[in-house]
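K.L.:
coords below, sequence missing:
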């Protein structure tokens, strides 16, 4: 079924001719929306799903200092440190200033370790050797055999808040972002794309969106967008798998001091710690799996940093697809191709005068990617305004953390200041209150609980939705009741929200489940299927109706 | 927080990481006696494994410049530390211990509240008050003074405070020729014929009859008693988040007691909370993991545990005389944390005529110093309410309990004496001697 | 060292029932449990088994007993006497359970707006065993701000006929959200807190009054009232009686996410019963070690501060649960570890522990992992069952028994009952009198 659309949500007005259409609502697309809007171009952004559901929402959360690139790609390292400083300044609310260390484990080659400070210096990456004993004191679960440690300004960045902030800034200038709007084709006349055909996925309605400039910020899906316009673009998507640990075993980013590779970085992001990552070439960015073997390889590598890693609680595994671009466009293995970003003008390449693609890159440099792209788009559109995104702060979507870094304890402290208590907490693991959830439902309805999750962290803790899904579904039912009085429709909508969310959360557990998380999964399944009769709702269990 | 303490803490991280085991099942919330009576306490799951994920990972959170970090916590302060959550958790999360550490982080970097500091200084208070016993006791029982104490310090005017017993146990023990020194300072009997007595503050200053009973029972069973110099175990400071002070008490105790422990002497205590502190909390809460601390931990016995072990070995003199008495017994929270069952109940069963009944109640409410505090007194009384009511209803003339603060709470709330189990054993031996009709013999 | 005839490890339904049964017959029993058991998660019904289309639990028990891998293959015949005993025991303890093995199934609505098929239920769920009369309505009522029970959401879901499967169902389902007195001000609100409120006669009278009026406002005609399962903890029978009287209608308690008040009620009375029979129950006891000679367990040691506490035992009952209860642990290397004795477990390979669409109940093959036993419930090696029991005086009961796909079979409680019954009977038959002379154990009470 599809979610019924409430009258309150703004719909796409087909009469508007936009200055630009951005396709893809990741960090780059959102940054581009903001940049173009700030240059006075009225811009629409569409995404086939919610914002930040592609690669931006599925990476390890690192705001690079550049240290990981100093040996392989000095330019990338330099870009990272410059943008790191900018993002810390303009969007501090989305950044936790964890700091980071590059540590030399017994497995890391001496020559790399010895050269590391000089390599950093050559790329202007701040790097200071620190007392290993002190690092071990602060990180007691770190490998006691590490022999050297270098501090760098790595940080953790929360992508969804960053995206929301960028969109909010653009929206204040008359631009707009529409999630769940998929581009299915273009109307083309000669060298020009006149309009994009966009389908509102939730209602099924198709619109023609007229825009002077079309920009694809679809990342790993850029090839598909280009193809619809009749252009050729071959991406080399690389899947990265990450493991989420229940709680931080470190308060700083920990990197291995070697040529960056698999399973060699731990990033404390909010309440969790994320071990990254693998790099596997995939043919299709929408179809891939995470296997137990991959998880094992990551853990094997990760144990070189944290020897007790397998005894720490794993919550889930997730994967993202890097939007890697191979300039030779031969579809080769992703390890060989550049991580740098490239702005492609499809006029000379494909004879399409008003289509631009941005490919490659990484979240840390999202702003620079947006700026480089916007420069090209503005030039085509004859707009001469220059980018201001490096100077002007991004508005904090939650409005209360201006100019301050994100603080891990902030959510608990705020709730405690309100008197604490669990009565209002729908998601107890991540301290999501009823009013926080309802605020998102008000603003984003119709939306899935997964959309709510991205903005609130609903269901991202140890129970992985085992308890909170039903509470959130209750709030969805109350919300749905505002748009219809038909109990059956409300029941269907609520069930859909519940089923989708449970399925999404539990899938992530499957490849990692062992120990307590396995117990958690089986225990929660026990009260879902046993105590609560979930089978009568999702229709696949004995006891549910055969006709369903 | 000194860097040295951070170093120690860094070596051991089991308490903090134990929250990884949490299944979110809510069993801890069900058993929490404080959450039952006070809505301001959000329950052990909330302040424990849940809140822990919003605290920094470093065992003792400090900033890069060494200053304590700002703690996000407030409500964890309502936790009484009774430890029922840890007991009931099916997944082994050390919830109470996590809470205690969180409270210490909350306090770190702030000057302790005078009241909390004062009620933690049990040996100082003892040393200061004992010489002036009549005056001190008059003061403690004087209503206007108690009003003033509540007003100025925040010690509840009705909270059960013990009375001084005059000259301290140590000075009386010295007078009767007891062995009081450190190893090397005194002639020692062999370790299989003597035990080290950890009397704690209570038996030293307030309840010397407990010490007397313990010595009588131990000597009856052929053990000479040694009472080396000792401090407060440090538990009141731990409970009030004053870790550095607790650590210095602990270090001194470990230094003295380890000398005996290494020679094979067993350390026997009459305060079940002190013995639990020596056994477990020096490591779990204060991060003392060195060999000396381990030796002390391994050598420490709660007195009932020790006597029951003697009995299991067939070495306990069971020549108990008859005591005809109905005796409601409350097993204190700290005893449960020992994980040694209910040895007092097993010993009571050896005394003819004694009809002891385990009250099977979670917590009497006092939780060490918790119930003394003005703002927490009501909680403490309500937590113990059902226990007090059932004791009243039983019509029993007195009650038994292994922990002194619980005894004071129960005695005060039920208006009848509460005694240490070893007092009944001593009385039963005395009864046998008096009547000369004891039928039991040592095995 | 203290001693006992039998140590039961685990304080869930199977463990407590085994202990009570043994104690009833004079054994000196100690229950050792790492924490409070899985009964604290339970919602009320005693599941004996269910298959779509089956007419009675007896028929399902028969079907499952023909499946070699299911514990009923061994225990099938014991379900009836064990249930009979359980229902008499529960009635004695003030928690009567309605329904029978040969009676039909009913549909119990739940707090997520689903239904679960039931055959044996506590009094407060008994109306679900009666078919709905034509025109009869279900009114779902609950406190408006209570996060684990959203009356309108529950009612909307139950308003869909297909949710009820083939079961008899109400003509109409209505949800009413009520303000129960004082709850809005509570900062901490869970099932237990509300149940405590219901135990208070004054609060209860006021809350039932408001509820009755709200129910009446939904219309007239025959109705049953569905409430969250919070109708008192210690004084449940009186709360239920008051509610039925005040509403003038049948009342149904809907199971909630844990904590499960109906399960806690059962836990509390079984625990009290065991103590009354002279048994001892120690919570917070993690097993450190088991001592055995020649395939006979002689002692269990529990972890304690600084040194383990050893208890000499004549027999050992493992009631530690499966993966969900913590009796089995799935290690990262794929081993399925039995936590007390290290018994060899039967279970799927790690790749299939959790597998496929998570919303397919067959997606958890690991749930069927467990210990294989002989007919006396003594553990055997699943690869070499013919070699006989691994321990003479060990019995395995409850969810730790292999072969239970409880999400599909719904037979978990029946296995608990029947295995408790069988284990107790078989231990009595082979009681080891040697331990009865232990002095320490005599001192227990």
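P.N.:
It's in. Here the structure is a predicted model, which means the values were calculated and not measured.
K.L.:
quick one, strands of the stretch 151-300 of chain B?
P.N.:
In the stretch 151-300 of chain B, the segments counted as strands under DSSP state E, counting those that start in this stretch are B:194-198, B:224-226, B:266-269, B:300-302.
K.L.:
The last one packs against which elements?
P.N.:
This points to strand B:300-302. When contacts are defined as 3 or more C-beta pairs under 8 Å, 6 or more residues apart in numbering or on different chains; DSSP states H and E, strand B:300-302 packs onto strand B:266-269, helix B:272-276. Where you see a C-beta, it was placed from the backbone N, CA and C, and this is true even at glycine.
K.L.:
In a markdown table, list the strands of the stretch 151-300 of chain B along with mean pLDDT.
P.N.:
Putting those into a markdown table (pLDDT from 0 to 100) gives the following:
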| stretch | mean pLDDT |
| --- | --- |
| strand B:194-198 | 98 |
| strand B:224-226 | 97 |
| strand B:266-269 | 98 |
| strand B:300-302 | 98 |
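K.L.:
Tell me which of those strands is the most buried.
P.N.:
The highest mean neighbour count among those, using mean count of other C-beta atoms under 10 Å in any protein chain shown, belongs to strand B:300-302: a mean of 27.
K.L.:
What is the neighbour count of residue B:135?
P.N.:
Here the number of neighbours of residue B:135 (other C-beta atoms under 10 Å in any protein chain shown) works out to 11.
K.L.:
Chain C contacts on the stretch 51-200 of chain B?
P.N.:
Residues of the stretch 51-200 of chain B lying close to chain C by C-beta under 8 Å from any C-beta of the partner chain are B:86-92.
K.L.:
Which members of those occur in helices, if any?
P.N.:
Within those, residues falling in helices by DSSP state H are B:86-88.
K.L.:
sorry, back to before: with distance to residue C:75 added, can I get the helices and strands packed on strand B:300-302 in JSON lines?
P.N.:
Putting these into JSON lines (distance: least, C-beta to C-beta, whole Å) gives the following:
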{"stretch": "strand B:266-269", "distance to residue C:75": "49"}
{"stretch": "helix B:272-276", "distance to residue C:75": "43"}
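K.L.:
filter the residues of the stretch 51-200 of chain B next to chain C down to the ones close to chain A.
P.N.:
Contacts with chain A within these, as defined by C-beta under 8 Å from any C-beta: residue B:91.
K.L.:
Can you tell me the closest non-neighbouring residue to residue 85?
P.N.:
As the question left the chain open, I've gone with chain A. residue A:153 (7.9 Å; C-beta to C-beta, 6 or more residues apart in numbering or on different chains).
K.L.:
right idea, wrong chain: chain C
P.N.:
Excluding the flanking residues, the one nearest residue C:85 by C-beta to C-beta, 6+ apart is residue C:421, at 6.7 Å.
K.L.:
I figured the one you found was touching residue C:82, is that so?
P.N.:
Yes: Residue C:421 lies in contact with residue C:82 (C-beta atoms under 8 Å); the separation is 3.6 Å.
K.L.:
How about the stretch 1-150 of chain C: which residue is closest to chain B?
P.N.:
residue C:35 (3.2 Å; C-beta to the nearest C-beta).
K.L.:
Would you check how far apart that residue and residue C:41 are?
P.N.:
12 Å (C-beta to C-beta, to the nearest Å).
K.L.:
the longest helix in chain C is where?
P.N.:
Secondary structure of chain C per DSSP H: the longest helix is helix C:412-429.
K.L.:
May I see the buried residues of that one?
P.N.:
Within helix C:412-429, the residues that count as buried by 16 or more other C-beta atoms under 10 Å in any protein chain shown are C:412-427.
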